[in-house]
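Student: when you get a sec, could you give me coordinates for this:
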Amino acid sequence: MGNLFGASADGRARLPAALLAFTCVALAVSGWAPKERFTWFLEVVPVLIVVPLLVATWRRFPLTSLLYVLIAVHAVILMVGGHWTYAEVPLGFWMERVFHFGRNDYDKIGHFAQGFIPAIAVREVLLRTTLLRRGKMLVFLVLSVCLAVSACYELIEWWTAVGVGQGADAFLGTQGYAWDTQSDMLFALVGAAVSLATLGWLHDRGLARLTASGPRGE
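Tutor: As a prediction, the model looks like this:
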């Protein structure tokens, strides 16, 4: 696995290599007898796209360790939702009982993560590839991109539902809630804001280390 990432003598590739191995194992486990095979595939498509992309770009554009960890966490959230379907994840039923929710709200964890984790990814790309500096404009653009990504995902869900019909009900996971789409986007926006407020300083430290190690992180 280290050779796949082109690990240098200092072992700088160990974390992303370990996370890659973990994610591959988790993907295999999640795909073992899922509740609905088609729904599982729809939910893990982002993982199937992003992971190969990260491997292919690791040498040219390595990411901060924080972002690699967050991406792995997001992948697990998607895979758990795909295995059980979001409306039937056991954690969601536990939350429903303990907090007296009216539905299984595991999908809200997923949509919160849909803002929380991409916020750091967008922040990293903007700071490393543009002339933007830390400040209000950076925050505004990160929040805007995260909200746009969430809205695009809702459009994809809509198109899937139209194309597949009732077979997409588990993928949508609305559970009869009329404002599910709007609340999903709100959770993503809140997640992005919380991410910037709580992880910005840690992300800056990771960016500083990445810059100090050279343009390729080597």
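Student: and the host helix or strand of residue 78, what does it pack onto?
Tutor: Assessed by DSSP states H and E, residue 78 sits inside helix 65-84. Applying 3 or more C-beta pairs under 8 Å, 6 or more residues apart in numbering; DSSP states H and E, one finds that helix 65-84 contacts helix 14-30, helix 37-57, helix 106-129, helix 180-212. For the C-beta atoms, the positions are set from N, CA and C on the backbone; glycine is no exception.
Student: between it and helix 14-30, how many degrees?
Tutor: If you take axes from the mean of the first three to the mean of the last three C-alpha atoms, to 10 degrees, helix 65-84 sits at 0 degrees to helix 14-30.
Student: now helix 65-84: average pLDDT?
Tutor: Taken as a whole, helix 65-84 has an average pLDDT of 96.
Student: then the helix or strand just after it to PDB, C-alphas only?
Tutor: Using DSSP H and E, the helix or strand that directly follows helix 65-84 along the chain is helix 90-99. Output of helix 90-99 as PDB, limited to C-alpha atoms (Å, rounded to 0.1, in the frame of the first residue of the first chain):
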ATOM      1  CA  PRO A  90     -29.800   1.200  14.000                       C
ATOM      2  CA  LEU A  91     -28.100   4.400  15.300                       C
ATOM      3  CA  GLY A  92     -31.000   6.400  14.000                       C
ATOM      4  CA  PHE A  93     -33.500   4.200  15.800                       C
ATOM      5  CA  TRP A  94     -31.500   4.600  19.000                       C
ATOM      6  CA  MET A  95     -31.600   8.400  18.500                       C
ATOM      7  CA  GLU A  96     -35.300   8.300  17.900                       C
ATOM      8  CA  ARG A  97     -35.900   6.400  21.200                       C
ATOM      9  CA  VAL A  98     -33.500   8.500  23.300                       C
ATOM     10  CA  PHE A  99     -34.400  11.900  22.000                       C
END
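Student: residues in contact with helix 90-99?
Tutor: For helix 90-99, the surrounding residues in contact (C-beta atoms under 8 Å, 6 or more residues apart in numbering) are 80, 84, 86, 101, 102, 103, 104, 105, 106, 107, 109.
Student: what of stretch 24-32?
Tutor: For stretch 24-32, the external contacting residues (C-beta under 8 Å, 6+ apart) are 40, 44, 47, 51, 75, 76, 79, 80, 82, 83.
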